[in-house]
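Engineer: just the structure for this:
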Amino acid sequence: MYTANIADTVLFRAIGKDPNPYLRRLKRAVEAADTELWVPAAVYHELVDTGHTDSPINPYLDTAIEEGWLRVATPLPGTRGDDFVEGGDPVRNARVVADAWLTQQSTYPETNNWRDATLVALAVRLFEENARIRVVTHTADKSLAEACARMPPEFGYYEIRSRYYNPPRTAQTAFPTVDSLTWDSG
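Structural biologist: The predicted model follows:
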């Protein structure tokens, strides 16, 4: 059974830009766990450095993408303010439900909850597209970790675990390990 790992923005900010030993360790862990790391397109774009160059670069993820151990998902459907549609696209519906729940939990409801909801939606997309899959999400946002664990089962997908890193700096030691990327670890 394939285990996909989905990571949030804050983990890469904690681990740091390429090159660094934490990213090399993460690469070795991904390869040893025989998995791939996924990020939603929104996470990729959040980490892009537009700087002073003509073409933007992502100093956190571009090398990992080129090396083939990190994948960026195609953009997910829906726009903020969409309604849940009974029998509609489960990926879009998952994003709508996650955004509403995250907004309800948030002290600042107009923050980046719609962007954060992409982790939940990507998990549902991976379940929709793969018959034998488990998903592990990784975030340093407590509400998002809870949403990642709660929402996919509402769509019939139970092979999901959500790993929460607190404080975010623990990602440097706890996230880039084989245990954090595999299903059997706690």
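Engineer: secondary structure class for residue 4?
Structural biologist: What DSSP: H, G, I helix; E, B strand; the rest coil gives for residue 4 is strand.
Engineer: quick one: pLDDT of it?
Structural biologist: Predicted confidence (pLDDT) for residue 4: 97.
Engineer: got a list of what the closest residue to residue 2 other than its chain neighbours touches?
Structural biologist: Ranked by CB to CB, 6 or more residues apart in numbering and with sequence neighbours excluded, the top spatial neighbour of residue 2 is residue 133, at 5.0 Å. All C-beta atoms are positioned from the backbone trio N, CA, C, and that covers glycine. Taking CB atoms under 8 Å, 6 or more residues apart in numbering, we find residue 133 in contact with 1-4, 126-127, 159.
Engineer: ditto for residue 124
Structural biologist: Contacts of residue 124 were listed using CB under 8 Å, 6+ apart, and they are 90-91, 94, 151-152, 155, 157.
Engineer: residue 94 now?
Structural biologist: Contacts of residue 94 (CB under 8 Å, 6+ apart): 117, 120-121, 123-124, 151-152, 155.
Engineer: need phi/psi at it.
Structural biologist: Dihedral pair for residue 94: phi -60, psi -40, per degrees, to the nearest 10.
Engineer: now residue 57
Structural biologist: Residue torsions, per degrees, to the nearest 10, at residue 57 are phi -130, psi 160.
Engineer: just give the number of residues close to the closest residue to it other than its chain neighbours.
Structural biologist: Nearest-residue entry for residue 57: residue 49, 5.7 Å, with adjacent residues in sequence omitted and distances by CB to CB, 6+ apart. Residue 49 sits with 13 neighbouring residues when counted by other CB atoms under 10 Å.
Engineer: ramachandran angles for residue 49?
Structural biologist: The phi/psi pair for residue 49 (degrees, to the nearest 10) is phi -110, psi 110.
Engineer: worst-scoring helix or strand of this protein, pLDDT-wise?
Structural biologist: Within the chain, judged by mean pLDDT, DSSP states H and E, the helix or strand with the poorest mean is helix 171-174; its value is a mean of 92.
Engineer: look up how far residue 181 lies from the nearest residue to residue 127 once chain neighbours are set aside.
Structural biologist: In space, and not counting its chain neighbours, residue 127 is closest to residue 157: 4.1 Å by CB to CB, 6+ apart. Per CB to CB, to the nearest Å, residue 157 is found 19 Å from residue 181.
Engineer: more neighbours: which of these two?
Structural biologist: Neighbours per residue, other CB under 10 Å: of residue 157 and residue 181, the larger number sits with residue 181, 26 against 19.
Engineer: need the contact list for the more buried one.
Structural biologist: Counted by CB under 8 Å, 6+ apart, residue 181 has contacts 3, 5, 29-30, 33, 35, 37, 136.
Engineer: buried sites along stretch 91-110?
Structural biologist: Neighbour-count burial for stretch 91-110, with 16 or more other CB atoms under 10 Å as criterion, is recorded at 91-103.
Engineer: no further questions, thank you.
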